[in-house]
Every structure is written in C-alpha cells, then in structure tokens.
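structure here, sequence nowhere to be found:
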C-alpha cells in the first residue's frame, strides 16, 4: 500500500493534517487512509491484525501523523481502537492531542496506574489514546519486558485494534523488540527525505525479527 501526502510547512496546517481523516473526511487523503484501512483488513483472511506498528527508517518522516489518521479511520468503522505512543525516548502523541503526558504506557507497565486511568477517551469514534508516560531510564528493557508481553495480551482482549506509534527502526532497538510481538508493521517513508538504502535496511531488520510488514505509506513533499 502506498499513500502520497503533501507535506505542509506551518504548525497550523500540520495540526490539520494530524486529524484530516476526522476534520475533512471527504478529502483525498482521508479516502486514501480508508483504502489503507481496507488493505490491512483484507491482508489476512484467517486472522485479524489486531496489533499494528507504525514506524519509519528515520525520524521526521510523518509516522505519527499516519498513525493518528489510520487510528481515526479504523475507529470510524465502529471499532474500539487504542492508539499508543510507544516512543519512550521522544514521545509526541500527547502534543498532537494537546494532552498532558502525565500517566501513560510506562506507568501502566510499571504498575503505577491501571490502564483505564491512563487512557484518554477522544470524541472521535471509539478512539482512545495512551501517551508514553514518564520517560524511563531503560526504555529498551521496558519494551522487551514480560510486563509488555502481558500488557499486549491484555489489551488485545479489550480493544478491537491497537496501533503503536513507534520510534524509527534504525535509531533504536525498541521497535524491533515490539515488532516481533505484534501482528503487522506499516512502514512510513518520506519521498523527499527517506534514503533508499535506509528504507531497505529498515525492511531487512524488521524481517529479521519475523515482523510482518504489511505495506508502506509514502509521504510526499510539496
């Protein structure tokens, strides 16, 4: 799957792009996200992809915007969706939703708060958001912990679809650890920024951990 997006330069326009599937559902971009949603749903006949990772080779390629819009598109079908900021080094999801990053994923994993107290219920369909929480000193160990495995198992019983907004593949090992536990990965590339060799290396590393790469979202510069 390939999605072409024109990159906006202003902060105001970037905010609009983060939620275009909600604010402008008749737009071409919103329709393309619906196409991606459908492609993901039909990519597996026997078993539904409940846990999805959105990542990129490097930073600044538009993965968070893609994660948000895909989550919105799926939730608009009536499915209960949990969007998680799994970037425990440079979290940004709370900024997009204008939330305080107080309690989040790390707090749930460390047993500080239950999941229901850490999630934020949006007004968009049945979409809920879990921010990263406090930035830990050991993000890799936390992502690869048994607590994370138990967490994934639990949320798969509560939600129809879970989307992880993850760090770039080539910058940390966190995403590779998580990818091996999830049902599918969508790789986000920027046509004006992504290096072809880096994209190929990211794909290779994901396959090494037996991650199922479902497709690519291609962001396009103006």
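Here it is on my side, so go on. The shown structure was predicted, so the numbers you read here are calculated from the model rather than taken from an experiment.

what's opposite the residue nearest the centre of the chain in the beta bridge?
By Cα atoms, centre = their mean, the chain has its centre lying nearest to residue 165, at 2.8 Å. Going by DSSP bridges, residue 165 is paired in beta bridges with residue 54, residue 85.

against residue 49, how distant is it?
Per Cβ to Cβ, to the nearest Å, residue 165 is found 16 Å from residue 49. (Glycine included, C-beta is placed from N, CA and C.)

now do residue 76 against residue 55, distance only.
Counting by Cβ to Cβ - residue 76 and residue 55 are separated by 23 Å.

so those two - more neighbours on which side?
Higher neighbour count among residue 76 and residue 55: residue 55, with 31 against 20, using other Cβ atoms under 10 Å.

nearest spatial neighbour of that one, skipping sequence neighbours?
residue 166 (4.4 Å; Cβ to Cβ, 6 or more residues apart in numbering).

what's the burial count for that neighbour?
Residue 166: 28 neighbours (other Cβ under 10 Å).

now swap in the one 5 residues further on and tell me
Using other Cβ under 10 Å as the criterion, residue 171 is surrounded by 16 other residues.

cool, the one 5 residues further on as well?
Counted with other Cβ under 10 Å, the neighbours of residue 176 add up to 24.

for it, which three-state class applies?
helix (DSSP: H, G, I helix; E, B strand; the rest coil).

got the contact list for the residue lying closest to it once chain neighbours are set aside?
Leaving aside its chain neighbours, residue 176 sits nearest to residue 209 (4.9 Å; criterion: Cβ to Cβ, 6+ apart). For residue 209, the contacting residues are 176, 177, 179, 180, by Cβ atoms under 8 Å, 6 or more residues apart in numbering.
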